[in-house]
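J.: return a 3D structure for these sequence lines:
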Amino acid sequence: MRRTDNATMLLGRILLSLLFLIGGTTKLLGPAATQAMFVKQGLPMVEAAWVLAVLVEVGGGLAMLFGLFTRPVGLVLAIWCVATALIAHSNIAERAQEIQFFKNMGLTGGFLYVATFGAGEWSLDAWRSRRRDAVAAE
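T.: Predicted coordinates for the structure are as follows:
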C-alpha cells in the first residue's frame, strides 16, 4: 500500500472519530442533560441508554482513532449512525433534522468503507498483525 493511501486512511479515521469523541465526552460529562434529552425522545431506560451511548461513542471513537478492532468497530458505528438517525433525527420535515439525518447516513457510508477495507498500515490493527506474524515466524 502506498504511503499516501495510509496517510489518507489515517486522516479519515481521525475525522470519523472526532464527532464521536466530542459527542461521547459531552454525554459523559453531562449525564443529566443527556438523559433528559433521551426522555424527550421517548427512550426507555435512559440510564442504560446513557451508558451505552458513552461506551459506543467514546470507546468506538478511540478504537477508530487508533485503528484497533477497526472492522467490527466500523460496523458497530455504522449501525449506531443509522439507529441515532432514526431515533433522534427522523423528523426530516425540519431542515435542521434533515441535515442531521443525512449527516448520519454519510457517516454510515464512511464507517462501512472502514469496516470493509480496514484501518490501513498506520494502525494498531496492522501493528498487532505484524507482531503476530513475527511471533509465528519464530
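
J.: what about the nearest residue to L75 once chain neighbours are set aside, distance to K103?
T.: Using C-beta to C-beta, 6 or more residues apart in numbering and skipping residues adjacent in sequence, the residue nearest L75 is A115, 4.4 Å away. From N, CA and C alone the C-beta is placed, and that goes for glycine too. From A115 across to K103, the span is 19 Å (C-beta to C-beta, to the nearest Å).

J.: who has more neighbours, these two?
T.: A115 (18 against 14; other C-beta atoms under 10 Å).

J.: I'd like to know how far the residue nearest the centre of the chain sits from G109.
T.: Nearest residue to the geometric centre of the chain (C-alpha atoms, centre = their mean): L77, 4.1 Å. Remark: distance between L77 and G109 (C-beta to C-beta) = 11 Å.

J.: repeat that for F69.
T.: 20 Å.

J.: settle it for me: which of these two has more neighbours?
T.: F69 (17 against 11).

J.: can you pull the contacts of the more buried one?
T.: The neighbours of F69, taking C-beta atoms under 8 Å, 6 or more residues apart in numbering as the test, are A63, D125.

J.: what's the offset of the longest helix along the chain from the middle of its chain?
T.: Identified as the longest helix of the chain according to DSSP state H is helix 3-29. Chain-centre distance of helix 3-29: 8 Å, with C-alpha atoms, centre = their mean, to the nearest Å.

J.: buried sites along it?
T.: 6, 9-10, 12-13, 16-17, 19-21, 23-24, 27-28 (16 or more other C-beta atoms under 10 Å).

J.: picking up where we left off before, the residue nearest to the centre of the chain reaches G60, doesn't it?
T.: Yes: between L77 and G60 a contact is recorded at 5.0 Å, counting by C-beta atoms under 8 Å.

J.: common neighbours of these two, please.
T.: F20.

J.: contacts for stretch 50-58?
T.: By C-beta under 8 Å, 6+ apart, stretch 50-58 touches 20-21, 23-25, 27-28, 31, 34-35, 38, 76-77, 80.

J.: phi, psi of P44?
T.: phi -80, psi 160 (degrees, to the nearest 10).

J.: what about it, neighbour count?
T.: P44: 8 neighbours (other C-beta under 10 Å).
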